[in-house]
Structure formats: structure tokens, C-alpha cells
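Novice: here's my sequence, what's the structure:
(one chain, ligands or ions: 1)
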Amino acid sequence: MTVRVVRASAADMDVVHAARVSTIGNDTLNELIQEALVGEVMTPAKIKLVNYLMRDRHGSPFEHNSFTFYVHAPIFVFRELMRHRMASYNEESGRYKELEPVFYVPGEDRNLIQKGKPGAYTFEPGTPDQADLVELEVKETTAAAYASYRKMLDAGIAREVARIVLPLNIYSSAYVTMNARALMNFLSLRTIREGSTFPSFPQREIELVAEQMERYWEQQMPVTVEAFNRNGRVAP
Ligand SMILES: Cc1cc2nc3c(=O)[nH]c(=O)nc-3n(C[C@H](O)[C@H](O)[C@H](O)COP(=O)(O)OP(=O)(O)OC[C@H]3O[C@@H](n4cnc5c(N)ncnc54)[C@H](O)[C@@H]3O)c2cc1C
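Specialist: From the prediction side, this is the model:
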């Protein structure tokens, strides 16, 4: 899974300013000017404010920022990603462009055996034979499907018709834009972390996407990330 930041406009201080407009109004602009002169400093009081907003689920101050990610992932991951409606998406088209033969094959470190019940699965490694079987079957069916796609295109069939034989493990790419509040909702559902108030059990491949997004978010908004973790990774 590849995630890159195309553009980010986000800082912990944005959360502080958005929250403080409710009590100091116009003076938030004076604070901005002051900070432009002397630099932004997240004082202990400001860090406390961010933590309070997170803890008491005052969510809207976390919306005044934006992350645009480029994501390259298999279609089965995008099916899950696009369930998150608080993001904006633009994806490459299988109607307007020929899809490239890039497919996801689970790596050796991908756990293969599911244990437990819906809502609380754990996954364990398979045997070497099971790993070989997965690799062989995925590669064979994928190659056959793409050959069929190619054959139809070569025979003059429209891309939008030929593509219907392609499997869910073919890669796609998209721009995904969201703010930190939406990102927290996404991360709370698509990552597994000790200390989460509401543990989730996401598919590993979307978690790989989520983990990369979270690393970018940490670089931009470390205080907000810290408050999110301290408060059980509950989206405010
Ligand atoms: C482990 C796991 C298993 C899942 N399994 C399934 C499954 O088997 N089948 C399936 O269909 N989906 C499944 N999902 C997807 C899940 O149901 C959600 O669609 C997905 O996680 C997006 O969450 P969301 O709605 O909170 O996100 P967003 O769409 O980003 O919405 C964010 C928040 O906005 C509010 N909101 C958004 N739209 C509405 C609305 N129309 N009405 C009211 N409030 C709204 C809600 O508060 C919501 O939490 C699964 C998700 C996870 C994490």
C-alpha cells in the first residue's frame, strides 16, 4: 500500500484558534498576527485545551484543517476506504484508462488463518503449504483474468466492458481528502491499538493504509495525536 501526502494544511494551533473564537472572538486574529511575528508555541495551557476538547468530544475545532492523500491500493481496500463518507475522493477510471497489470499478492508476513467470531477475529500465520497455496492461486487467477481483459481490449471491446473480469486485488489509485476529525473516525475504525476504548478489528490491508496516514498526521499535529491516544482513540 502506498500513501503520500499531496497537500496538508494542518497544525495543532488551528484547533486552538478554532476553539478560542468562541470566547475571544476577533482577538483570535490578533493572536494569529502575534504568532506570525514570534512563532507559534503550543504552551501547556493550549495543550490542555486540545486535550479537553478531545476528552469532552468537542469535535468541530478539529475540522479546520485538511489532508490530501494519494493512495495506491487494491480495489478491495478502496471498497472499505470509500465507506468513509466524511472524505472526498477522486479515483482513476477503468472506463477512461486501461488498467495496469499491478496486483496485490499477500506477503509472507500476512496472517492467513482466522480465529474467533465476527467482531472479534484474530489472525495467525498459516503453514508453509497454505502460504504457497494462497500465492499460487492468487497469481494464477490474476494472470488468467488479466489475459482475458487484454484479449477483449485487443478485440476492440470497450474498457468499461472488458474490465468486469478483473479481480478485486488489482491496484487502483485515488486522491483522498479529509480533515483531522474525519481522520480520527477513520483511524479509530481501521487500526488496532492497545488502549482503544472501542477496539476495532479491521482488515490488515486497510490498516496498512491507515497507519501511513497516521504517521503523516503525527508530523503535522503531534499534540492532537497525543490527545487522541490519551483519550482512548475515540473520534471527538
Ligand atoms: C471492522 C469493520 C467491519 C465492517 N464490516 C462491515 C460489513 O460487514 N458490512 C458493511 O456494510 N460495512 C461494514 N463496515 C463499514 C462500516 O459499517 C462503516 O460504513 C465504515 O466503517 C464507515 O464508518 P462511518 O460511517 O463512521 O464513517 P463516515 O461515513 O466517514 O461517517 C462518519 C460519521 O458521520 C456520521 N454520519 C455519516 N453519514 C451519516 C448518515 N447517513 N446518517 C447519520 N450519521 C452519519 C456518523 O456519525 C459517522 O460515524 C465495517 C467497518 C469496520 C471498521
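Novice: helices along this protein, start to end?
Specialist: 12-24, 27-38, 44-55, 75-81, 128-154, 159-162, 180-190, 204-220, 222-230 (DSSP state H).
Novice: tabulate these (CSV), appending mean pLDDT, distance to residue 198 and mean neighbour count.
Specialist: From N, CA and C alone the C-beta is placed, and that goes for glycine too. Output for these, formatted as CSV (pLDDT from 0 to 100; distance: least, CB to CB, whole Å; neighbours: other CB atoms under 10 Å):
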stretch, mean pLDDT, distance to residue 198, mean neighbour count
helix 12-24, 92, 22, 18
helix 27-38, 82, 33, 11
helix 44-55, 97, 15, 17
helix 75-81, 98, 18, 18
helix 128-154, 97, 31, 13
helix 159-162, 98, 40, 15
helix 180-190, 98, 7, 23
helix 204-220, 98, 15, 18
helix 222-230, 98, 13, 20
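Novice: how about the residues of this structure near the ligand?
Specialist: Proximity of the chain to the ligand is confined to 83-86, 182, 185, 189-190, 200-202 under the rule CB under 6 Å from any ligand atom.
Novice: ok, so of those, who is nearest residue 141?
Specialist: residue 202 (24.6 Å; CB to CB).
Novice: once you drop chain neighbours, what's closest to that closest one?
Specialist: The shortest distance from residue 202 to any non-neighbouring residue, by CB to CB, 6 or more residues apart in numbering, is to residue 190 (4.5 Å).
Novice: and residue 233, by the same measure?
Specialist: Nearest one to residue 233, counting by CB to CB, 6+ apart, is residue 196 at 4.6 Å.
Novice: centre-most residue in the chain?
Specialist: Against the mean C-alpha coordinate of the chain, by CA atoms, centre = their mean, the closest residue is residue 210 at 3.8 Å.
Novice: how deep is the nearest residue to residue 126 once chain neighbours are set aside tucked in, by neighbour count?
Specialist: Excluding the flanking residues, the one nearest residue 126 by CB to CB, 6+ apart is residue 112, at 3.4 Å. The number of residues packed near residue 112 is 14, by other CB atoms under 10 Å.
Novice: can you check the one 4 residues further on too?
Specialist: Residue 116 is surrounded by 10 other residues when neighbours are defined as other CB under 10 Å.
Novice: one more: residue 236?
Specialist: 21.
Novice: am I right that it is in contact with residue 54?
Specialist: Yes. Using CB atoms under 8 Å, residue 236 is in contact with residue 54, at 5.3 Å.
Novice: spit out the residues that contact those two alike.
Specialist: Common contacts of residue 236 and residue 54, defined by CB atoms under 8 Å, 6 or more residues apart in numbering, comprise residue 62.
Novice: residues in contact with the nearest residue in space to the residue nearest to the centre of the chain that is not next to it in sequence?
Specialist: Spatial nearest neighbour of residue 210, excluding adjacent residues (CB to CB, 6+ apart): residue 190 at 4.1 Å. Applying CB under 8 Å, 6+ apart to residue 190 gives the contacts 80, 200, 202, 206-207, 209-210.
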